[in-house]
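*Asks:* this one's sequence-less:
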């Protein structure tokens with residue numbers, strides 16, 4: 001009994017005993033951190049440290065804490081090292097404990113939990129919980145609580161079972177069965193029943209980013225990843241007909257005329273955007289008093305004020321000065337541009353831009369032209385910008401895909417003067433030190449780090465014109481010459497070096513002595529495939545958990561390209577779903593992925609917006625087409641020259657039948673199931689060319705949604721593929737998935753969200 005301080009009143013205290021079975025490695029411990037001071041107020045360093053106890057074949061972690069009766073707290077379990085640095089944490093929803101009134105002083109409440117794995121927590125994300133399983137308000141899990149019935153015999157123990165079951169099929173129940181009479185002696189029909197109903201239908205459409213990209217005021221802004229704001233939606237997607245219930249007749253006529261004029265094969269980005277904005281302004285001018293005084297607008301403004309006002313001010317000044325380059329707006333913009341200036345200054349200081357290393361898409365790498373994130377600065381407010389961004393997204397979406405998730409492990413940087421990605425380096429990374437190279441017998445650092453340009457090389461490249469080239473045009477744009485190095489010297493520390501990507505392909509490497517070649521070859525593989533693994537793992541674990549826990553959206557990660565060994569284990573640990581494209585297998589010894597061998601926590605797809613469609617690939621690459629037909633289809637005959645509906649059906653069925661949790665199919669690939677929809681040249685169906693930084697994103701589906709809805713044949717064909725593979729919900733048991741696994745399918749209209 002604890003005295004409250006008044007001398008008259010006392011507070012009842014209760015002992016909580018937490019128990020969790022978990023096998024740790026040497027040097028690891030478990031602790032609990034929660035929302036209340038008794039559990040550290042979410043400060044892991046001040047959490048409740050648990051102690052291990054062996055019980056039979058299990059290692060049980062236990063911890064006691066005294067709390068007041070009526071105690072309520074959220075909490076989670078963490079695996080920590082000796083310094084209480086977090087090594088692993090539970091994904092998904094936080095646990096919640098509620099002690100009811102009436103509990104007596106000195107009572108012992110034992111809480112037995114089980115570690116929640118990332119794969120299990122996936123089904124608690126909003127994509128499943130709110131959409132696929134369609135949980136209603138009455139289905140929501142109540143906080144874990146303990147009921148006390150004082151009419152029981154003092155020797156009795158009250159046991160409450162709290163079960164996590166993300167979904168139940170119609171008419172299904174959950175029972176707790178056991179060996180004693182109270183639990184039905186293992187007869188499920190006599191067990192304790194818990195039941196609820198869920199709807200079986202689901203719809204999920206995957207989109208490209210839809211944030212405003214209006215920076216240049218021209219078609220360059222069609223690139224969906226260069227966002228002006230990560231909060232504002234793009235005005236290109238305005239449905240102007242829905243802006244008002246009282247659109248004047250002349251404006252309605254303007255809308256109809258615009259629809260006719262722009263009903264073309266490809267999207268006219270500039271015309272579409274300018275027309276929609278013009279019509280929107282006319283409607284706003286007619287109804288602005290009504291809109292600005294409405295309750296809904298005031299609520300929207302108050303809810304989004306933090307980003308909405310700066311965004312509106314930026315757009316006004318951009319249009320007023322006819323440029324988005326804020327440095328040209330004059331001195332009165334100095335305060336509003338503070339954050340932008342800080343980011344720009346950092347990029348200029350580092351003289352780096354963002355790229356992808358050479359991979360399937362481009363052997364020279366891709367130049368995205370973005371400054372890299374200053375993660376150290378972002379960590380100071382616990383990645384507040386990222387958390388706000390994902391919170392805003394969760395208002396509209398229940399799932400999202402992280403493009404180039406490798407960027408959270410490491411990013412490929414290069415000097416701002418570089419023409420391709422071959423002379424880049426990873427950030428962060430452990431470089432080769434001058435001392436390390438000297439110990440290996442390498443000492444001529446200028447020879448290895450400066451462009452290896454010799455007369456015979458110029459003659460080989462430019463023939464008889466080599467003297468003119470050498471005298472007048474030998475600058476950074478002659479990339480074949482300036483990329484002819486084997487080591488890249490760190491611009492901030494001249495004693496640090498990085499192996500040039502594919503250094504063995506250079507004449508600089510070929511002209512070295514054998515000893516130097518062998519050393520560089522070994523150091524190259526160590527740099528790219530060994531020494532960075534732990535660094536990159538820890539780098540990802542600083543940021544990704546914060547992002548994943550900032551919303552309950554289902555997260556997928558695009559993990560294509562040059563994949564470090566640490567990536568897939570971290571994704572598995574955090575519950576991040578990976579991506580598998582059949583033409584870009586993760587296994588280095590395979591030319592084509594085998595869908596039947598994909599792991600459950602993946603999205604499988606025959607193609608995506610960043611590569612050619614099935615039909616286009618089939619027609620453009622005869623050699624790979626023949627090898628695919630032989631090794632994947634299993635036929636020794638010559639493949640058809642065009643991708644027939646039969647071939648498409650075979651490939652799509654492979655993906656439907658895979659163990660992957662999700663199967664994504666670009667609409668172009670689904671339309672190829674029927675000859676009627678293959679009249680457009682296949683090459684025109686590709687959404688993006690990743691090798692072209694100025695690609696015009698203007699693909700438009702050549703059939704209307706109305707005509708597709710009227711086509712019962714193709715709908716029946718697709719539905720048969722869905723149901724026969726067990727991907728309909730509720731579906732049959734999934735071979736290759738875990739006990740709770742469901743395989744699902746979705747249509748990709750234009751890429752990713």
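*Replies:* Yep, that arrived. The shown structure was predicted, so the numbers you read here are calculated from the model rather than taken from an experiment.

*Asks:* residues near residue 574, how many?
*Replies:* 21 (other C-beta atoms under 10 Å). In short, each C-beta sits where N, CA and C put it, glycine included.

*Asks:* what sits against the residue nearest to residue 635 when sequence neighbours are not counted?
*Replies:* The shortest distance from residue 635 to any non-neighbouring residue, by C-beta to C-beta, 6 or more residues apart in numbering, is to residue 629 (5.6 Å). Contacts here follow C-beta atoms under 8 Å, 6 or more residues apart in numbering; on that basis residue 629 touches 635, 637-639.

*Asks:* Can you list the low-confidence ranges for the stretch 651-753 of the chain?
*Replies:* 729-753 (pLDDT under 70).

*Asks:* so what pLDDT did the residue nearest to residue 635 get?
*Replies:* For residue 629, the model assigns a pLDDT of 93.

*Asks:* Run a quick neighbour tally on residue 107.
*Replies:* Neighbour count for residue 107, taken as other C-beta under 10 Å: 15.

*Asks:* Wait, it touches residue 17, no?
*Replies:* No. Using C-beta atoms under 8 Å, residue 107 makes no contact with residue 17, being 10.8 Å away.

*Asks:* What is the longest helix along the chain packed up against?
*Replies:* Looking across the chain with DSSP state H, the single longest helix is helix 295-321. Counting contacts by 3 or more C-beta pairs under 8 Å, 6 or more residues apart in numbering; DSSP states H and E, helix 295-321 packs against helix 384-393.

*Asks:* Can you list the strands that the helix or strand just after the helix it packs on pairs with?
*Replies:* The C-terminal neighbour of helix 384-393 among helices and strands, as given by DSSP states H and E, is strand 399-402. According to DSSP bridges, strand 399-402 forms sheet pairs with strand 554-557 (parallel).

*Asks:* Compute the distance from the centre of the helix or strand following the partner strand to the centre of its chain.
*Replies:* Sequence-wise, the next helix or strand downstream of strand 554-557 (DSSP H and E) is helix 567-574. Distance of helix 567-574 from the chain centroid (C-alpha atoms, centre = their mean, to the nearest Å) equals 12 Å.

*Asks:* likewise stretch 78-87?
*Replies:* Relative to its chain's centre, stretch 78-87 lies at 26 Å (C-alpha atoms, centre = their mean).

*Asks:* who's in contact with the nearest residue to residue 658 once chain neighbours are set aside?
*Replies:* Nearest-residue entry for residue 658: residue 595, 3.7 Å, with adjacent residues in sequence omitted and distances by C-beta to C-beta, 6+ apart. By C-beta under 8 Å, 6+ apart, the contact set of residue 595 is 580, 582, 604, 654-655, 657-658, 660.

*Asks:* can you list those in JSON lines and add secondary structure, distance to residue 508 and neighbour count?
*Replies:* Shown next, in JSON lines, are the contacts of residue 595 (DSSP: H, G, I helix; E, B strand; the rest coil; distance: C-beta to C-beta, whole Å; neighbours: other C-beta atoms under 10 Å):
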{"residue": "580", "secondary structure": "strand", "distance to residue 508": "37", "neighbour count": "24"}
{"residue": "582", "secondary structure": "coil", "distance to residue 508": "37", "neighbour count": "24"}
{"residue": "604", "secondary structure": "strand", "distance to residue 508": "41", "neighbour count": "27"}
{"residue": "654", "secondary structure": "helix", "distance to residue 508": "44", "neighbour count": "20"}
{"residue": "655", "secondary structure": "helix", "distance to residue 508": "44", "neighbour count": "26"}
{"residue": "657", "secondary structure": "coil", "distance to residue 508": "49", "neighbour count": "20"}
{"residue": "658", "secondary structure": "coil", "distance to residue 508": "44", "neighbour count": "26"}
{"residue": "660", "secondary structure": "coil", "distance to residue 508": "44", "neighbour count": "30"}
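
*Asks:* any chance of these in a markdown table, plus distance to residue 249?
*Replies:* Shown next, in a markdown table, are these (distance: C-beta to C-beta, whole Å):
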| residue | distance to residue 249 |
| --- | --- |
| 580 | 53 |
| 582 | 53 |
| 604 | 51 |
| 654 | 54 |
| 655 | 50 |
| 657 | 55 |
| 658 | 54 |
| 660 | 52 |
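
*Asks:* What about the spatially closest residue to residue 503 that is not a sequence neighbour, how many residues nearby?
*Replies:* Distances taken as C-beta to C-beta, 6+ apart place residue 486 nearest to residue 503, at 4.5 Å, with adjacent residues excluded. Neighbours of residue 486 under the rule other C-beta under 10 Å: 23.

*Asks:* What of residue 712?
*Replies:* 9.

*Asks:* Can you pull out the low-pLDDT segments for the protein?
*Replies:* For the chain (pLDDT under 70), the answer is 1-11, 100-102, 131-205, 331-371, 416-419, 455, 457-458, 465-466, 468-482, 729-753.

*Asks:* any idea which residue sits dead centre in it?
*Replies:* residue 402 (2.2 Å; C-alpha atoms, centre = their mean).

*Asks:* quick one on the thing from earlier: ok, so of the contacts of residue 595, who is nearest residue 445?
*Replies:* Top of the list for closeness to residue 445, among the contacts of residue 595 and by C-beta to C-beta, is residue 580 at 42.1 Å.

*Asks:* That closest one touches residue 606, doesn't it?
*Replies:* No. Residue 580 lies out of contact with residue 606 (C-beta under 8 Å); the separation is 10.1 Å.

*Asks:* if we can go back for a sec, now do the residue nearest to the centre of the chain against residue 390, distance only.
*Replies:* Distance of residue 402 to residue 390, computed by C-beta to C-beta, to the nearest Å: 10 Å.

*Asks:* Residue 22 too?
*Replies:* Counting by C-beta to C-beta, the gap from residue 22 to residue 390 is 29 Å.

*Asks:* Can you give me the neighbour number for residue 384?
*Replies:* By the criterion of other C-beta under 10 Å, residue 384 has 13 neighbours.

*Asks:* Please, which helix or strand holds the closest residue in space to it that isn't next to it in sequence?
*Replies:* Among residues not flanking residue 384 along the chain, residue 378 sits closest, at 7.9 Å (C-beta to C-beta, 6+ apart). Assigned by DSSP H and E, residue 378 belongs to helix 375-378.

*Asks:* Does that helix pack against any helices or strands, and if so which?
*Replies:* By 3+ C-beta pairs under 8 Å, 6+ apart, helix 375-378 packs against helix 384-393, helix 533-548.

*Asks:* Could you say which one of the ones you listed comes nearest to residue 425?
*Replies:* helix 533-548 (13.4 Å).

*Asks:* tell me which residues in the closest one are buried?
*Replies:* Going by neighbour count (16 or more other C-beta atoms under 10 Å), the buried part of helix 533-548 is 535-537, 539-541, 543-548.
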